[in-house]
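> Structure for this input, please:
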Amino acid sequence: MRILAIILLQLMIAGPTFGQTNNRQKPLVGAYYFGGWTAGSKHITQKLTGSFADRKPVWGWNSDSKKAIDQQILAASDAGLDFFSFCWYFSTQKSGEADSLNAALRYFQESVNKSKLRYCLLVSNHYGFEISPDSWAVFQERILADIKQDNYLQVDGAPLLIFLSAGTLLKNFGSAESIKSALSSLREAAKGRGLPGLKIALCSSDDRYTLSLAGQCGFDFITGYNYHNINQAGRRTQPVNNLVAYETRTWERITQLSEIPYFPAVTLNWDPRPWTNSRAKADTTAYFTGFSANSVYESMKNCRTWLRKHANDGKVYPIIMIYAWNELGEGSYLVPTSDGHDRLKSLKRSLNVNVR
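Below you'll find the model as predicted:
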């Protein structure tokens with residue numbers, strides 16, 4: 001009896017295995033978590049706190065704190081989220097910007113509420129956080145230390161790890177063969193630390209070349225971070241609900257072109273105007289209007305309907321990645337702000353409604 005209880009507990013912690021679960025009506029749902037909200041962060045811009053003050057989380061702009069993370073876990077879990085996918089940043093230095101950006105993950109790992117939500121990592125290998133063959137060994141040590149946790153998300157019996165950029169990997173490693181060798185080394189290193197290997201996903205658009213590259217490099221899955229690059233047809237703004245049809249076409253094209261399984265990403269919104277600076281002219285970029293609790297509901301319901309349609313496809317997995325829990329500077333967020341908890345309520349409603 002004691003052995004059975006231990007096995008059941010392990011299954012609860014590890015979560016379901018997805019290889020044969022494509023008939024689940026309710027998919028596993030996770031949201032990307034961006035850890036740029038610490039005191040003094042360059043991401044908390046004057047324009048964000050001034051012109052876009054309605055995006056301020058109920059915990060304040062500095063919401064990557066122990067107390068705030070404890071409460072965010074409860075809010076996310078209550079709304080129906082199964083996991084956070086933390087944007088994880090690598091640097092060969094042990095302190096600095098990467099360490100600050102990973103602070104929210106640390107608080108999550110130490111939270112008294114961590115059993116209520118699982119997590120996985122998105123390797124944000126871009127914008128000064130690239131990984132090269134020379135730093136790969138250090139990267140392996142750092143990433144595996146953050147993966148070997150009881151409530152880490154598993155897919156097909158192995159921890160799920162996501163890479164953001166194929167482009168920087170190819171630039172630094174030189175070929176698909178070199179990337180494949182590095183990923184194999186990472187999987188073997190995981191086994192050496194008592195893990196059952198890794199399942200590794202790559203974020204990609206519906207670009208034919210990147211999708212082909214993913215297969216050559218040995219990735220196990222395709223997913224996405226966001227799909228905001230809708231054709232604006234010369235217009236600076238479009239209604240956010242236009243993303244629903246655009247995303248659906250993107251998901252369909254990816255599954256048609258990709259040789260490896262796919263789980264979709266839902267882009268709730270895109271409006272990066274608060275992050276305007278000398279390098280990023282975000283105040284002149286195209287953005288969407290009408291982001292609301294209702295648009296969250298429609299986006300999520302559409303994705304669940306699409307997954308239901310492809311329930312028996314061997315190339316589609318019942319996992320939804322949401323962009324995002326707290327991309328406040330880019331205008332895509334579920335986190336409760338000064339305008340209330342309505343987005344989380346809509347998320348919960350969308351996950352409980354029957355879809356056909």
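
> Can you identify each of the helices in this protein by residue range?
Here the chain has its helices, by DSSP state H, at 2-14, 46-51, 66-78, 97-101, 103-110, 136-147, 166-173, 176-192, 208-217, 242-257, 293-309, 342-352.

> Can I get these in TSV including mean pLDDT?
Listed next are the helices of the chain as TSV, based on pLDDT from 0 to 100:
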stretch	mean pLDDT
helix 2-14	40
helix 46-51	94
helix 66-78	97
helix 97-101	93
helix 103-110	97
helix 136-147	96
helix 166-173	97
helix 176-192	98
helix 208-217	96
helix 242-257	95
helix 293-309	97
helix 342-352	97
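
> so can I have CSV of these showing distance to residue 334 and mean neighbour count?
C-beta here means a position set from N, CA and C on the backbone, and glycine is covered the same way. Below are these laid out as CSV (distance: least, Cβ to Cβ, whole Å; neighbours: other Cβ atoms under 10 Å):
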stretch, distance to residue 334, mean neighbour count
helix 2-14, 24, 10
helix 46-51, 17, 13
helix 66-78, 8, 18
helix 97-101, 20, 18
helix 103-110, 15, 19
helix 136-147, 23, 16
helix 166-173, 27, 18
helix 176-192, 30, 16
helix 208-217, 27, 18
helix 242-257, 15, 18
helix 293-309, 7, 20
helix 342-352, 5, 19
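
> I'd like the ones you listed laid out as TSV, including distance to residue 89.
Shown next, in TSV, are those (distance: least, Cβ to Cβ, whole Å):
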stretch	distance to residue 89
helix 2-14	26
helix 46-51	20
helix 66-78	17
helix 97-101	4
helix 103-110	10
helix 136-147	10
helix 166-173	13
helix 176-192	17
helix 208-217	21
helix 242-257	26
helix 293-309	27
helix 342-352	26
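
> what's the closest of those to residue 33?
Among those, the nearest to residue 33 by Cβ to Cβ is helix 103-110 (6.3 Å).

> tell me, how many neighbours does the residue nearest to residue 321 when sequence neighbours are not counted end up with?
With sequence-adjacent residues excluded and distances taken as Cβ to Cβ, 6 or more residues apart in numbering, residue 321 is closest to residue 265, at 4.2 Å. Under the neighbour criterion other Cβ atoms under 10 Å, residue 265 is assigned a count of 27.

> Could I get the contacting residues of residue 265?
203, 223, 224, 225, 226, 227, 320, 321, 322, 323 (Cβ atoms under 8 Å, 6 or more residues apart in numbering).

> quick one on the thing from earlier: residue 117: which of the helices of the chain is closest?
That would be helix 66-78 among these, by Cβ to Cβ, at 5.0 Å.

> May I have that closest one as CSV, with CA atoms only?
In CSV, the C-alpha atoms belonging to helix 66-78 read as follows (Å, rounded to 0.1, in the frame of the first residue of the first chain):
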residue,chain,number,x,y,z
LYS,A,66,8.9,36.2,-3.0
LYS,A,67,5.5,37.4,-1.8
ALA,A,68,4.3,38.4,-5.3
ILE,A,69,5.4,35.1,-6.8
ASP,A,70,3.6,33.2,-4.1
GLN,A,71,0.4,35.0,-5.0
GLN,A,72,0.9,34.8,-8.7
ILE,A,73,1.1,31.0,-8.5
LEU,A,74,-2.2,30.9,-6.7
ALA,A,75,-3.8,33.3,-9.2
ALA,A,76,-2.5,31.3,-12.2
SER,A,77,-3.5,27.9,-10.7
ASP,A,78,-7.0,29.1,-9.8
